[in-house]
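Student: need a 3D model of the following:
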Amino acid sequence: MVILLIAGQLVSVALAWDSVRMLSQAQKLGAMTFARAQALSQEVRESMSGDELERLKVVNTFFNRQILYRDDREIWQVPDYWASPLETLQKGAGDCEDFAIAKYFSLLAAGVPGVKMRLVYVRAQLGGGVVAHMVLAYYAEPNAEPLILDNLITDIRPASRRPDLTPVFSFNAEGLWQGVGGASAGDPSARLSRWREVLLKARNEGWWP
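Tutor: Residues are numbered from 1 along each chain as shown. Next up is the predicted model:
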């Protein structure tokens, strides 16, 4: 719990993460990981004096600048691997899933409610073809047009300005949906084994309770 000055009033905010634990775990992964984790922790802490849109911008910019895009085969020597935020910071590189996952948990740490965010699998038009891709969507209100946080494009844009993306399914720690609509497709931790593994790793790293 932290106390923030928001709109001239002191407001208590319950945080999803344990930053001391996160930094302790980062330190075990080496000096570079610890330095990146410290920088992120400071960015998150400072962003909390702003509104949610400001937090989105801070976290999106941090990862798009600090992390290089690399394929899982290059980083992990396997076809598909979903890294935890600290694993991504350790490698200094990740693929689209790793960017989306790291931004999701960092925004949880910044106090953005999980119900406002979904990780979205999309078909992206890229280089004259269509590829599988993942982005993070933020909903200011339940029925609002989402804002898209993407490693392919530096700025945050509303979904209507991303005609290159076609949603397939979306999920967060609370649910799984077809596309980005309201129809539930079940328990994400039960149907997505890699997501279940990420949730466990993120909890161990202190990112969420």
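
Student: please make it C-alpha for all contacts and neighbour counts, starting now.
Tutor: OK.

Student: show me the strands in the protein, by range?
Tutor: 2-6, 9-13, 68-69, 93-94, 117-126, 129-138, 147-149, 157-158, 165-171, 176-178, 184-186 (DSSP state E).

Student: so which of these gets nearest Phe34?
Tutor: Ranking the strands of the chain by proximity to Phe34 (Cα to Cα) places strand 93-94 first, at 15.1 Å.

Student: what's next to that closest one, contact-wise?
Tutor: The list of residues contacting strand 93-94 from outside it, by Cα atoms under 8 Å, 6 or more residues apart in numbering, reads Ile67, Leu68, Tyr69, Arg70, Asp71, Asp72, Ile75, Ala83, Thr88.

Student: for the second one, list each beta-bridge partner.
Tutor: The one in question is Leu68. Ala93 (DSSP bridges).

Student: quick one on the thing from earlier: for the contacts of strand 93-94, pick the one with the most neighbours.
Tutor: Within the contacts of strand 93-94, Ala83 tops the neighbour count with 25 neighbours, counted by other Cα atoms under 10 Å.

Student: quick one: contacts for the spatially closest residue to that residue that is not a sequence neighbour?
Tutor: Excluding the flanking residues, the one nearest Ala83 by Cα to Cα, 6 or more residues apart in numbering is Asp98, at 5.6 Å. Residues near Asp98 by Cα under 8 Å, 6+ apart: Trp82, Ala83, Ser84, Pro85, Thr88.

Student: in TSV, list these along with pLDDT and distance to Leu152.
Tutor: Below are those laid out as TSV (pLDDT from 0 to 100; distance: Cα to Cα, whole Å):
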residue	pLDDT	distance to Leu152
Trp82	96	18
Ala83	98	18
Ser84	98	20
Pro85	98	18
Thr88	98	17
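
Student: Ala173: which of those residues is nearest?
Tutor: Using Cα to Cα, the contacts of Asp98 come closest to Ala173 at Ser84, 14.0 Å.

Student: tally of neighbours for the closest one?
Tutor: If you count neighbours by other Cα under 10 Å, Ser84 ends up with 26.

Student: correct me if wrong: it contacts Ala202.
Tutor: Yes: if you go by Cα atoms under 8 Å, Ser84 and Ala202 touch, sitting 5.9 Å apart.

Student: may I see the buried residues of the longest helix seen in the chain?
Tutor: When the chain is parsed with DSSP state H, its longest helix is helix 31-47. For helix 31-47, the neighbour count (16 or more other Cα atoms under 10 Å) marks Thr33, Phe34, Ala35, Arg36, Ala37, Gln38, Leu40, Ser41, Glu43, Val44, Arg45, Ser47 as buried.

Student: before we move on, what about stretch 48-68?
Tutor: By 16+ other Cα under 10 Å, the buried positions in stretch 48-68 come out as 48, 52, 55-56, 58-64, 67-68.

Student: run through who's touching it.
Tutor: Counting by Cα under 8 Å, 6+ apart, 4-6, 40, 43-44, 47, 88-89, 92-94, 99, 102-103, 106-107, 110-112, 149-151, 154, 156 sit against stretch 48-68.

Student: filter these down to the buried ones, ChimeraX style.
Tutor: Selection of buried members from the contacts of stretch 48-68 for ChimeraX, criterion 16+ other Cα under 10 Å:
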select :40,43,44,47,88,89,92,93,94,99,102,103,106,107,110,111,112,149,150,151,156
